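1. sequence? don't have it. structure:
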């Protein structure tokens, strides 16, 4: 990753952490797990929006993966973020192994471990106000009690065919010097400008090799998921090899690389604790170093990475069975009851085309005229004059006005009188104002 790009990413993460600390216990703290986009992905301390933006800043294109289908042929890497540890079923394992065998690809599997909420309250306690510390301690005690209760119940961690999990001992931290990844836990050069935590992140699980069994797989999923036909536990039989990328202080594998001859140059990267890559963890130097190593391990050449969040039902597969005849095109006219519906739609469409064909679309509306346009008045007067006799009539009217009203006998507008004109004038009443006023008075 480019140094300047890394510094910008780190600075942005520091700002996110500062905002998280200032929100405190005001009720605005979001802890939703698994989302990588939207409000939950960006604002939740257990989201993965920062990880997604870090891939973008490194030159990768990102997308959402809702189902496993043939559209993923152009996807170079998939980051799988399940919210339960027993959602890795045999059908998904088989599909993903076929996907890995087609090209040089990377599958990153993040094991859910409860999120970053407890670690957040541990570290934010040092930056909180005095009146908030009691509330922080209360919430932290409740989270630690819930986690201890789960460990005391001896919660089973199912076998999935690729790897197995086990709980780490209490107090075990990440060893930054073991494994292939040499992790840097030093704060960035601009750390003085933002609140910063430099301690180790909490870990819950360690990764172990899978325990293959010759027993046939069960046809029912784990108890946390409702029964579905065809779902079974992971049954991968590939001869896999695990390499430790990041280990704990007791030597336990925290991040591993899984390869197999059947997959060619493809690989699976298992992160045993998903909280190492959530939004809050990426505000620490340790989390930033883990994310940087993970991006380098994904592929040297950036491509398209898909983020897939799943629930208890696991990853859904929507590939079409080639044995099933998919009805397309004109064949829809032969399938009942679609045949009846399609026939009526075809007739309605034909009638609509015939209605619109003569005018080539809807008629254009004429622009409305305004009554304040003086041109309309001139056009109306000119039209009336034309119907009354044209220019000769207009000149006669002006000449009569000059003779009778103004009393002029000679001038440019005075026309000589003719017999016909005199006869007409005798028939036209005088428009003398005095005479008119007298008639009105009478």
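-> Good, I have the coordinates. Remember, it's a predicted structure, so these values are computed and weren't measured experimentally.

2. if I look at residue 397, how far off is residue 415?
-> According to CB to CB, to the nearest Å, residue 397 and residue 415 sit 10 Å apart. Just so you know, the C-beta spots here come from the backbone N, C-alpha and C atoms, and that holds for glycine as well.

3. likewise for residue 63?
-> Between residue 63 and residue 415 the computed distance is 90 Å (CB to CB).

4. again with residue 181
-> Using CB to CB, we find residue 181 at a distance of 112 Å from residue 415.

5. comparing these two, which residue is more hemmed in?
-> Taking neighbours as other CB atoms under 10 Å, residue 181 and residue 415 compare with residue 181 leading, 21 against 16.

6. check that one and give its pLDDT.
-> pLDDT recorded at residue 181 is 87.

7. repeat for the one 5 residues further on
-> Confidence per residue is given as pLDDT, and for residue 186 that number is 63.

8. what's the answer for residue 363, then?
-> Looking at residue 363, its pLDDT stands at 66.

9. before we move on, what about the one 3 residues further on?
-> Reading off the per-residue confidence, residue 366 sits at a pLDDT of 70.

10. ditto for residue 389
-> pLDDT, residue 389: 76.

11. so how far is residue 110 from the nearest residue to residue 115 once chain neighbours are set aside?
-> Excluding the flanking residues, the one nearest residue 115 by CB to CB, 6 or more residues apart in numbering is residue 46, at 3.4 Å. Residue 46 is 11 Å from residue 110, where distance means CB to CB.

12. for residue 173, same thing?
-> From residue 173 to residue 110 the distance is 20 Å (CB to CB).

13. and for residue 162?
-> For residue 162, the distance to residue 110 equals 13 Å [CB to CB].

14. do residue 31 as well
-> Residue 31 is 17 Å from residue 110, where distance means CB to CB.

15. backbone torsions only: list them for the residue nearest to residue 31 when sequence neighbours are not counted.
-> Leaving aside its chain neighbours, residue 31 sits nearest to residue 117 (4.9 Å; criterion: CB to CB, 6+ apart). Here is the backbone geometry of residue 117 (degrees, to the nearest 10): phi -60, psi -50.

16. then residue 408?
-> Note on residue 408: its backbone torsions stand at phi -80, psi 140 [degrees, to the nearest 10].

17. excluding chain neighbours, what is closest to it?
-> Excluding the flanking residues, the one nearest residue 408 by CB to CB, 6+ apart is residue 402, at 4.5 Å.

18. now that that neighbour has come up, it's in contact with residue 412, right?
-> No: if you go by CB atoms under 8 Å, residue 402 and residue 412 don't touch, sitting 9.3 Å apart.

19. the more surrounded of the two?
-> Legend: neighbour count by other CB under 10 Å for residue 402 and residue 412, higher for residue 402 (18 against 8).

20. three-state assignment of the more buried one?
-> Here residue 402 is recorded as helix under DSSP: H, G, I helix; E, B strand; the rest coil.

21. helices of the protein, start to end?
-> Ranges of helices within the chain are 3-23, 38-43, 49-57, 90-102, 117-124, 130-152, 285-298, 338-356, 374-388, 390-404, 419-427, 433-441, based on DSSP state H.

22. dump those helices into TSV; add distance to residue 279 as well.
-> Compiled in TSV, the helices of the chain are given as follows (distance: least, CB to CB, whole Å):
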stretch	distance to residue 279
helix 3-23	6
helix 38-43	8
helix 49-57	5
helix 90-102	26
helix 117-124	10
helix 130-152	17
helix 285-298	9
helix 338-356	48
helix 374-388	69
helix 390-404	87
helix 419-427	100
helix 433-441	94
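
23. of all those, which one is nearest residue 270?
-> Nearest to residue 270 among the helices of the chain is helix 285-298; the distance by CB to CB comes to 11.3 Å.

24. and that closest one, what other elements does it pack with?
-> Helix 285-298 sits against helix 3-23, helix 49-57, strand 106-110, strand 240-248, strand 253-260, strand 267-271, with contacts defined as 3 or more CB pairs under 8 Å, 6 or more residues apart in numbering; DSSP states H and E.

25. lowest mean pLDDT across these, which one is that?
-> When I compare the helices and strands packed on helix 285-298, helix 3-23 is least confident, with a mean of 49.

26. pLDDT weak spots in the protein?
-> 1-27, 148-160, 184-200, 211-235, 319-333, 359-363, 369, 418-442 (pLDDT under 70).

27. so what are the domain limits for it?
-> Domains of the chain are assigned by automatic domain parsing as 3-310, 324-362, 381-441.

28. next, format these as JSON lines and append distance to residue 368.
-> Below are the domains of the chain laid out as JSON lines (distance: least, CB to CB, whole Å):
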{"stretch": "domain 3-310", "distance to residue 368": "48"}
{"stretch": "domain 324-362", "distance to residue 368": "18"}
{"stretch": "domain 381-441", "distance to residue 368": "21"}
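
29. among those, which is the most enclosed?
-> Highest mean neighbour count of these: domain 3-310, a mean of 18 (counted as mean count of other CB atoms under 10 Å).

30. that domain: how far from the chain's middle?
-> Chain-centre distance of domain 3-310: 21 Å, with CA atoms, centre = their mean, to the nearest Å.

31. start the count at 107 instead of 1 going forward.
-> Okay, residue one is now 107; in that scheme the one you just asked about reads as domain 109-416.

32. report the separation between the residue nearest to residue 250 when sequence neighbours are not counted and residue 311.
-> Computed as CB to CB, 6+ apart, the closest residue to residue 250 that is not its neighbour in sequence is residue 224, at 6.3 Å. Counting by CB to CB, the gap from residue 224 to residue 311 is 15 Å.

33. OK, contacts around residue 188?
-> Residues in contact with residue 188 (CB atoms under 8 Å, 6 or more residues apart in numbering) are 140, 194, 215, 216, 218, 415, 416, 417, 420.

34. return the member of those nearest to residue 471.
-> Nearest to residue 471 among these: residue 415, at 51.1 Å, using CB to CB.
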